[in-house]
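**Student:** From the sequence below, what's the structure:
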Amino acid sequence: MARKQVRKNYYKNSPARRRERLIRRLIASMKIVCLLVAMGGASLLFILGHDALMQSSCFKAREVVVEGNRRLSKEAILNEAQVRPGDNILEINLKVLRYRLLANPWITAADVWRELPDKIHIRVTERVPIAKIELNRDFYLDDTGEIVAPAGASDQINVPLVTGLTLADTDPDNRARSKVFGGVIKVLDLSRLQASVLPIHMLHRIHADPDTGLTLFAFDSNLVINLGFGDYGAKFNRLGELMFHFKQDDKALNIEYIHLRDVDRVVVRPSEGGSALKVCCRKEV
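**Tutor:** Presented below is the predicted three-dimensional model:
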């Protein structure tokens with residue numbers, strides 16, 4: 001069988017065809033150039049617009065509102081955040097500003113937001129110091145049981161002093177923490193309750209001993225109360241009953257020592273060399 005002869009396509013390489021392909025390429029190139037020019041123009045407009053907004057007096061912070069601060073002054077918080085009235089609120093990086101605030105050991109949470117056109121709001125949550133703990137130096141302890149910051153000699157924070165503990169006692173991974181350090185936190189919490197028999201401002205010092213438990217020094221250290229270990233809520237209730245009884249007899253200020261390791265067997269020693277008085281209490285059902 002004879003092979004079929006392949007005919008050449010003269011039209012494909014004709015001058016008209018080549019001219020058409022060249023025109024299409026030119027059009028595509030012009031579109032790309034126009035797109036690049038448009039993108040460059042848009043970027044330039046964006047930059048110019050951004051500069052105009054950043055320099056506009058309309059967005060300068062007329063006021064920086066600070067909320068939630070108690071211990072820290074507004075000035076201290078503004079210094080920490082590095083923001084001032086007059087700063088352009090659109091130029092401020094709120095995330096960075098928040099991280100600056102959280103770097104302060106007394107601030108446990110911070111929220112920052114803009115209020116167009118000319119306000120910045122800062123809301124902080126501060127740690128609440130409830131005691132000073134004596135380690136290699138004095139540190140403040142907050143209401144969650146966390147060590148906050150070193151205590152300064154010029155600080156005007158009136159809180160009880162905790163002695164007898166080591167740094168290991170404050171370690172959450174230390175098993176002894178629940179017995180010694182946890183007891184300190186429980187007593188501090190009971191003292192902070194409304195109408196507590198031993199208000200925290202009357203509690204001068206808590207001494208923690210791994211063998212004898214907790215000893216409280218109250219009313220400018222004139223009264224020593226040995227609580228031992230555990231049952232702190234029940235012991236505070238028993239202490240309230242004793243205080244009520246002594247107040248009825250007008251002898252509250254003449255008590256020097258209260259032994260309350262056992263909630264059902266209390267020993268009270270009057271001051272000025274008085275003899276000890278043993279008080280036995282029936283166990284509550």
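**Student:** Helix or strand: which one has the residue nearest to the spatial centre of the chain?
**Tutor:** Central residue of the chain (CA atoms, centre = their mean): T108, 1.3 Å from the mean position. Element membership for T108, per DSSP states H and E: strand 107-115.
**Student:** surely H121 meets E115?
**Tutor:** Yes: the criterion here is CB atoms under 8 Å, and H121 meets it with E115 at 6.1 Å. C-beta here means a position set from N, CA and C on the backbone, and glycine is covered the same way.
**Student:** need the contact list for the residue nearest to the centre of the chain.
**Tutor:** 125-127 (CB atoms under 8 Å, 6 or more residues apart in numbering).
**Student:** can you give me the strands for the chain?
**Tutor:** Per DSSP state E, the chain carries strands over the ranges 63-67, 107-115, 119-126, 129-134, 138-142, 147-150, 161-163, 203-209, 213-218, 223-228, 255-262, 265-270, 277-280.
**Student:** Surely D209 and L227 touch.
**Tutor:** No: look at D209 against L227 with CB under 8 Å: they stay out of range, at 11.0 Å.
**Student:** sorry, back to before: how about the strands of the chain, which one is nearest P85?
**Tutor:** strand 63-67 (5.7 Å; CB to CB).
**Student:** contacts for that closest one?
**Tutor:** 74, 77-78, 83-85, 118-124.
**Student:** out of these, which are buried?
**Tutor:** Buried by 16 or more other CB atoms under 10 Å: 77-78, 83, 118, 120, 122, 124, out of those.
**Student:** now for those, which pair is the farthest apart?
**Tutor:** Maximum distance among those (CB to CB): 21.3 Å, for D118 and V124.
**Student:** Now do the phi/psi pair for the closest residue to K179 other than its chain neighbours.
**Tutor:** In this structure, K179 finds its nearest non-sequential neighbour in F229, 6.6 Å apart by CB to CB, 6 or more residues apart in numbering. Phi and psi for F229, reported as degrees, to the nearest 10, are phi -120, psi 140.
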